[in-house]
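Colleague: This is a predicted model, with the sequence first.
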Amino acid sequence: MKVHVFVTLKNGVLDPQGKAIHHALEGLGFTGVNDVRAGKLIELDLADGVTDAEVEEMCRKLLANTVIENFRIERVEAAA
Amino acid sequence: MKSAVIVFPGSNCDRDMAEALRLVSGRAPAMVWHREAELPDRLDLIAIPGGFSYGDYLRSGAMAAQSPVMHAVREAAARGVFVLGVCNGFQVLTEAHLLPGALMRNAGLSFICRDVPLVVENSQSAFTARYDAGEAITVPIAHHDGNYQADAATLDRLEGEGRVAFRYAEAVNGSARRIAGILNEAGNVLGMMPHPERAVEDAHGRTDGRRLFEGLVEAVSQHA
């Protein structure tokens, strides 16, 4: 089973990379972008039986730094 | 002073640190590979050097903080052994929760490599006892992720408890309250982005970092 973990900076934490991307988009002539926040997508391929609680523990212990980052776990349905 | 330098894959200031320790303490440190589960006996100081441990994968210091040796470092720190984390070592200490806060990408996004003016904020710690409070010193930095951030309550606490050891004298990398180095609650763990080990002998062009190591040697000899 695949799980997507989205790691994003907490609100209020300045995101220098997002700012730079925003600036570059404006440089390309895309004027309608109000704000950009950059984050990470981590895809986990898990064995059967790994619980949500375990995935959350993985996030807290390693995948996200909860001082500055939030995480969101999304289970991905196997492609039909 | 008996010291050890922890070496991770991707550390690149380990030998500079070892040389500074040898020069100031008169004794070469043990070089400890990150896979070791135990540290040498009766250490006075553990140094976590700069570099790019694990290629900065995931976040700077995040993988190194999970290394086997860090359990032993954590135990030693709890016993009162001095721990000095410089640059990537500071990042490792925050990721290992031995120090609060986090080090983010520099506000200007650039890697910054130059001498910077610092102010010694706290001269009461073993690390800073050989400096005067408020003293201006110059020490080189070389980092991409030195932008120290923590929530306002944590920053207030660090300042209120005198745990900001060094501050940048000018805005350098976006660090909250220009923090360049902080102490843990007990005062035996210091993390700092500037490199004192690169300013210990005349050939370096500066020697302002030398007193940090001298202070530790003195503190250790008083304990003995």
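Modeller: Received it, and whenever you're ready, just let me know what you need. Residues are numbered from 1 along each chain as shown, chains lettered A, B, ... in the order given.

Colleague: pull the helix or strand with minimum mean pLDDT from chain A.
Modeller: For chain A, the helix or strand with the lowest mean confidence is helix A:16-27, at a mean of 92 (criterion: mean pLDDT, DSSP states H and E).

Colleague: now that one, how far from the centre of its chain.
Modeller: A distance of 18 Å separates the centroid of the chain from that of helix A:16-27, by Cα atoms, centre = their mean, to the nearest Å.

Colleague: Next, the angle helix A:16-27 makes with the helix or strand that it is followed by.
Modeller: Using DSSP states H and E, the helix or strand that follows helix A:16-27 in sequence is strand A:39-45. Computed by axes from the mean of the first three to the mean of the last three Cα atoms, to 10 degrees, the angle separating strand A:39-45 from helix A:16-27 equals 110 degrees.

Colleague: could you say what helices and strands the helix or strand harbouring residue B:17 packs with?
Modeller: Assigned by DSSP H and E, residue B:17 belongs to helix B:14-25. Counting contacts by 3 or more Cβ pairs under 8 Å, 6 or more residues apart in numbering or on different chains; DSSP states H and E, helix B:14-25 packs against strand B:3-7, strand B:45-48, helix B:210-223. Every residue, glycine included, has its C-beta placed from N, CA and C.

Colleague: Okay, now the sheet partners of the first one, with direction.
Modeller: Here strand B:3-7 is paired, per DSSP bridges, with strand B:30-33 (parallel), strand B:45-48 (parallel).

Colleague: which bits of chain B sit near chain A?
Modeller: Neighbours of chain A within chain B, by Cβ under 8 Å from any Cβ of the partner chain: B:58-59, B:62, B:66, B:94-95, B:100-102, B:104-109, B:147, B:149-151, B:174.

Colleague: Show me what counts as buried in stretch B:28-42.
Modeller: By neighbour count, with 16 or more other Cβ atoms under 10 Å in any protein chain shown as the criterion, the buried positions of stretch B:28-42 are B:29-30, B:32, B:34, B:36, B:39.

Colleague: Including pLDDT, could those residues go into TSV?
Modeller: Output for the buried residues of stretch B:28-42, formatted as TSV (pLDDT from 0 to 100):
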residue	pLDDT
B:29	98
B:30	98
B:32	98
B:34	96
B:36	96
B:39	97
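
Colleague: Mind picking the two most distant members of the residues you listed?
Modeller: Checking the buried residues of stretch B:28-42 against each other with Cβ to Cβ, the farthest-apart pair comes out as B:29 and B:34, at 15.1 Å.

Colleague: And the strands in chain B?
Modeller: In chain B, the strands defined using DSSP state E lie at B:3-7, B:30-33, B:45-48, B:82-86, B:102-104, B:112-120, B:136-143, B:147-149, B:164-168, B:179-183, B:189-192.

Colleague: which residue does chain B bring closest to chain A?
Modeller: Nearest to chain A, among the residues of chain B, is residue B:102, at 4.4 Å (Cβ to the nearest Cβ).

Colleague: correct me, but that residue touches residue A:10?
Modeller: No: at 10.4 Å, residue B:102 does not count as touching residue A:10 under the criterion of Cβ atoms under 8 Å.

Colleague: Comparing those two, which residue is more hemmed in?
Modeller: Set residue B:102 next to residue A:10 and count neighbours by other Cβ atoms under 10 Å in any protein chain shown: residue B:102 wins out with 22 against 14.

Colleague: Okay, and the beta partners of the more buried one?
Modeller: On the basis of DSSP bridges, residue B:102 is bridged to residue B:149.

Colleague: Show me which residues of chain A sit near chain B.
Modeller: The interface of chain A toward chain B, taken as Cβ under 8 Å from any Cβ, is made up of A:13-14, A:16-17, A:20, A:61-63, A:65, A:67-68.
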